[in-house]
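*Asks:* Below is the structure, and that's it, no one-letter string:
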């Protein structure tokens, strides 16, 4: 239906994903952003908060306040929302394994401020499946994790009815390499796994189940192929409508709407000529707002400089202004759906739906999404897709302007400032947060804390909903680490399959065969000269769970003949150094994307030294600014690779030469 | 590329006996190295380490089974149980290599599935690629096992069961434990393949799956207890669940009992010395071929000499090796 003349649609919710250093600093940023016309908040938490550790836990070292705000207890939450009215704010929290806890802190805070929980609006991301597959901030095994997601849904439907308790994410699947068909299939299979679990819990009567279905929302990605991405959004809407109608018998079409928020693609943002990311972001946004019937409910855009480091307030303002120009200056919101009736669009949508249906059947045949995660199937498929993408970039089949084509550039004034064009987190943030946490622990009522935690343990062991006891913990002053550890003791911890055991296939995954054979020859002859095959340890120290880069290096190194040890994410420097020693590797490769590279790499080097392995060549990869790369080299790191080093063959050849030099052998030079 | 980068074998042996981690790691690197100088030093290292303990001490346990049955998680549960009683454990985890024509690389590990997050000095894990040697376990696993036996109570070899590996693992372990899972096609294939004659203990993992686990256990039980096998050992089949940590203590008990059975019947040292001879011959064959073995006096003469010197078979290995090399050198 066409709109009346002069009547514009209401724009989507506009957010920027932000939070850093401390609750106080983040609160100041939020209030500035709201004053600039942002209409909702999107809270980024730091990794210790996301993985259930207190700021003073050894694993949290170097990570406090880095990728988001540290929230250790209810006083932090109070400070984060200082002067922000909870009953009028729409708050989205990117929180998963600890989602019930952060939601409990939010509800607890509202209670303390005398605000009715029924007025709270917002979203907890609360999708553990994509954490296992891509983002990495999982804690507990699938069973208890799915149960806690069901608990939050059951609780909010009754007590916080305007809350979106779970936000099924296809976003991170695309970041992990998913094709549009895989995004559709895996996100929708996740949604049905969640709803089936809630249904099985039996807390909700069949007549009320459509309300539960309505509360399921999605968090979607949009890449640069914007025609296909628009079609994907339409396919999502059509498929969700069908699934909710046939599988869950929802009769009211309003309750069957595909409600979604979007953050556009970060994977495709480049470190070289970073200003080009602005037009990428604009076009990607177009994909999710263009078609009225498939328009996003909320949009957050990355900043142009995300591939270089953390964005500054000015970078975030720019991202917000892009949305405002689209919503308020263009005529987009004056029309109905401009793509309805296009045979080209309809055909593409049908093609995506057919592909996604087939893959969903495949997942169902394997026993559903949880089974397909546990077996490693889905992860393997994603690693394979990602590998294919990287091969296409390497070969030039997939063009990326400024990276593998049109590379010549004038010096960019945007990156010439004293800060190098990125945000620096206050180095004192960690110690300040620890001091604040210790003071909090000292002044709370210990008997109340102990009783609340006992309550939580009891709820976890029984089938009782986890939310009421978590809210009691929040009000008693329990900390994030205490909540996390209490449930670790009951549920245990989980390590999912790494997915790197994909079969080798020369034709599709290896790229230029001639170059690959030459690298294999180098790996082999160097190993022979040293007396045993080259062995590599790929490690991800710290809490950062973005493992795609590490996985790609591990698979590629295996493909060119290395024997590769890779044990997944979240390892301490001590564990990595011990593995390097026990395994007798020729090289250690470290991958860090959280911005904690300086602290973590220094610790790994110290641990290696303590084991007499100071001469073991160590390399690093990740989002590492140039000046940090120089400092790391000074510490003894042999090479630093960043997103601009997309040519994996070149990295492999370089690695072989580093090993050769360490052993006094002649380097063989770059491979052409 | 100088030879001085290889450690002095006798001095290294002293440190290994004391259980120094860095020395253990460096000894394993030496045993893994195929350069002639490394081979010579490896032979000296083994000779320096060999002794009574290699025939009668410690326990070498092979854990095998089809992919996906939860071997690593089960091994983790076993290790927790062993460590809780203060026993030290070394693990050699063997993973398949890709074919040589596609680079011969390998993805190794699952260290963290085997190990808890906490730091533990009583546990040592080394991953190895199979390197396609004779389709089974790589030759290096043998000497590495004996090195680790000098300073750990238990040495566990974990392999993915794919036919040849079971035969190899039986040629090195005191006790072979086969892990199966309920209602799996792989397990059924395995039962049919006849390799079932190798394991000493069967563990059906994922016992929480209920009746299908019981059925798999009874299927295995029928075959495992075939009358032509060694009597006095009942080839136990036990139901375990690594995730629910059930049945683990029984499995530990079966493994201990099997060692007692071997020691009690006087077959442990015979088994060990047969395994060592077998490996020495395999290694000589690898390095020098049949011609080399003929130069050293032939297979049966070598076997006879080693049987006479059971406590120092590696000195015999070193002698044989030197004899062959000197012949090659003098022929120059």
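*Replies:* Right, received. Where do you want to start? As the structure is a prediction and not an experimental result, all values here were calculated from the model. Numbers count the residues shown, from 1 in each chain, chains lettered A, B, ... in the order given.
*Asks:* Quick check: what element follows the one helix or strand residue A:320 maps to along the chain?
*Replies:* Using DSSP states H and E, residue A:320 maps to helix A:313-324. As assigned by DSSP H and E, the chain's next helix or strand after helix A:313-324 is helix A:343-365.
*Asks:* That next one: what's the following helix or strand?
*Replies:* Next element after helix A:343-365 (DSSP H and E): helix A:369-374.
*Asks:* From the contact counts, what lies against that following helix?
*Replies:* For helix A:369-374, the contact count by 3 or more Cβ pairs under 8 Å, 6 or more residues apart in numbering or on different chains; DSSP states H and E identifies helix A:129-130, helix A:142-159, helix A:180-201, helix A:377-395 as packing neighbours. For every residue, glycine as well, the C-beta is placed using N, CA and C.
*Asks:* Quick check: which of those is buried the most?
*Replies:* Most buried of these, by mean neighbour count (mean count of other Cβ atoms under 10 Å in any protein chain shown): helix A:129-130, with a mean of 28.
*Asks:* What is that helix packed up against?
*Replies:* Using 3+ Cβ pairs under 8 Å, 6+ apart as the contact criterion, the elements in contact with helix A:129-130 are helix A:171-175, helix A:180-201, helix A:369-374.
*Asks:* Return the set of buried residues in whichever helix or strand comes after the second one.
*Replies:* Beyond helix A:180-201 in the direction of the C-terminus, DSSP H and E gives the next helix or strand as helix A:209-215. Using 16 or more other Cβ atoms under 10 Å in any protein chain shown as the test for burial, helix A:209-215 gives A:209-210, A:212-215.
*Asks:* With pLDDT and distance to chain B added, can I get those in CSV?
*Replies:* Conversion of the buried residues of helix A:209-215 to CSV gives the following (pLDDT from 0 to 100; distance: Cβ to the nearest Cβ, whole Å):
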residue, pLDDT, distance to chain B
A:209, 94, 30
A:210, 95, 35
A:212, 93, 29
A:213, 95, 31
A:214, 94, 35
A:215, 92, 31
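*Asks:* so what's the residue lying closest to residue A:539 once chain neighbours are set aside up against?
*Replies:* Here the nearest residue to residue A:539 in space, its sequence neighbours aside, is residue A:576; by Cβ to Cβ, 6 or more residues apart in numbering or on different chains that works out to 4.3 Å. For residue A:576, the contacting residues are A:537, A:539, A:541, A:588, A:590, A:604, A:607, taking Cβ atoms under 8 Å, 6 or more residues apart in numbering or on different chains as the criterion.
*Asks:* The second one - how many residues pack around it?
*Replies:* Per other Cβ atoms under 10 Å in any protein chain shown, the neighbour tally for residue A:539 reads 28.
*Asks:* quick one, phi/psi of it?
*Replies:* Per-residue torsions, residue A:539: phi -130, psi 140 (degrees, to the nearest 10).
*Asks:* so what's it bridging to?
*Replies:* Applying DSSP bridges to residue A:539 gives these bridge partners: residue A:590.
*Asks:* Go ahead and confirm residue A:17 touches residue A:263.
*Replies:* Yes - shown here, residue A:17 and residue A:263 form a contact pair, counting by Cβ atoms under 8 Å, at 6.6 Å.
*Asks:* Quick check, the residue in the stretch 1-150 of chain A closest to chain B?
*Replies:* Ranking the residues of the stretch 1-150 of chain A by distance to chain B (Cβ to the nearest Cβ) places residue A:141 first, at 8.0 Å.
*Asks:* ignore the last one, the stretch 301-450 of chain A
*Replies:* For the stretch 301-450 of chain A, Cβ to the nearest Cβ, closest residue to chain B: residue A:375, 7.3 Å.
*Asks:* Regarding residue B:178, what is its secondary structure?
*Replies:* Secondary structure of residue B:178, reduced to three states by DSSP: H, G, I helix; E, B strand; the rest coil: strand.
*Asks:* Nearest residue to it in space, please, no chain neighbours.
*Replies:* Nearest residue to residue B:178, sequence neighbours excluded (Cβ to Cβ, 6+ apart): residue B:199, at 3.6 Å.
*Asks:* Please report how far the one you found lies from residue A:311.
*Replies:* Noted for residue B:199: a distance of 58 Å to residue A:311, by Cβ to Cβ, to the nearest Å.
*Asks:* Which of these two has more residues huddled nearby?
*Replies:* Under the neighbour definition other Cβ under 10 Å, residue B:199 and residue A:311 were set side by side, and residue B:199 has more, 27 against 23.
*Asks:* Local confidence estimate at the more buried one?
*Replies:* In this prediction, residue B:199 carries a pLDDT score of 85.
*Asks:* What sits closest to residue B:17 if chain neighbours are left out?
*Replies:* Going by Cβ to Cβ, 6+ apart, residue B:17 has residue B:150 as its nearest residue, at 5.8 Å.
*Asks:* how about low-confidence regions in the chain?
*Replies:* As the question left the chain open, I've gone with chain A. Applying pLDDT under 70 to the predicted model, the residue ranges of chain A that meet it are A:1-6, A:497-511.
*Asks:* try chain B instead
*Replies:* Counting by pLDDT under 70, chain B has low-confidence residues at B:1-4, B:109-110, B:112-113, B:115-118, B:132-136, B:161-167, B:183-196, B:222-231, B:330-332.
*Asks:* that older thread, now the phi/psi pair for the residue nearest to residue A:539, please.
*Replies:* Phi and psi for residue A:576, reported as degrees, to the nearest 10, are phi -70, psi -40.
*Asks:* which residue ranges form the helices in the stretch 101-250 of chain B?
*Replies:* Remark: helices assigned in the stretch 101-250 of chain B by DSSP state H, counting those that start in this stretch are B:111-114, B:141-149, B:164-170, B:185-193, B:211-224, B:248-264.
*Asks:* Deepest-packed of these, please.
*Replies:* Between the helices of the stretch 101-250 of chain B, helix B:141-149 has the highest mean count of neighbours, a mean of 23, where neighbours are mean count of other Cβ under 10 Å.
*Asks:* and that one with chain A, contact?
*Replies:* No - where contact is defined by Cβ under 8 Å from any Cβ of the partner chain, no part of helix B:141-149 touches chain A; the two come within 10.4 Å at best.
*Asks:* Identify the residues contacting that helix?
*Replies:* B:16, B:24, B:27-28, B:31-32, B:42, B:45-46, B:49-50, B:53-54, B:57-58, B:60, B:90, B:92, B:94, B:124, B:126, B:128, B:155, B:157, B:168, B:172, B:275-276, B:279, B:282-283.
*Asks:* Which of the residues you listed are buried? Put it as a PyMOL command.
*Replies:* A single PyMOL command selects the buried members of these (16+ other Cβ under 10 Å):
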select buried, chain B and resi 16+24+27+28+31+32+42+45+46+49+50+54+58+60+90+92+94+124+126+128+155+157+168+172+275+276+279+282+283
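*Asks:* which ones among the contacts of helix B:141-149 are found in helices?
*Replies:* Taking DSSP state H, the ones among the contacts of helix B:141-149 that sit in helices are B:16, B:24, B:27-28, B:31-32, B:42, B:45-46, B:49, B:53-54, B:168, B:275-276, B:279, B:282-283.
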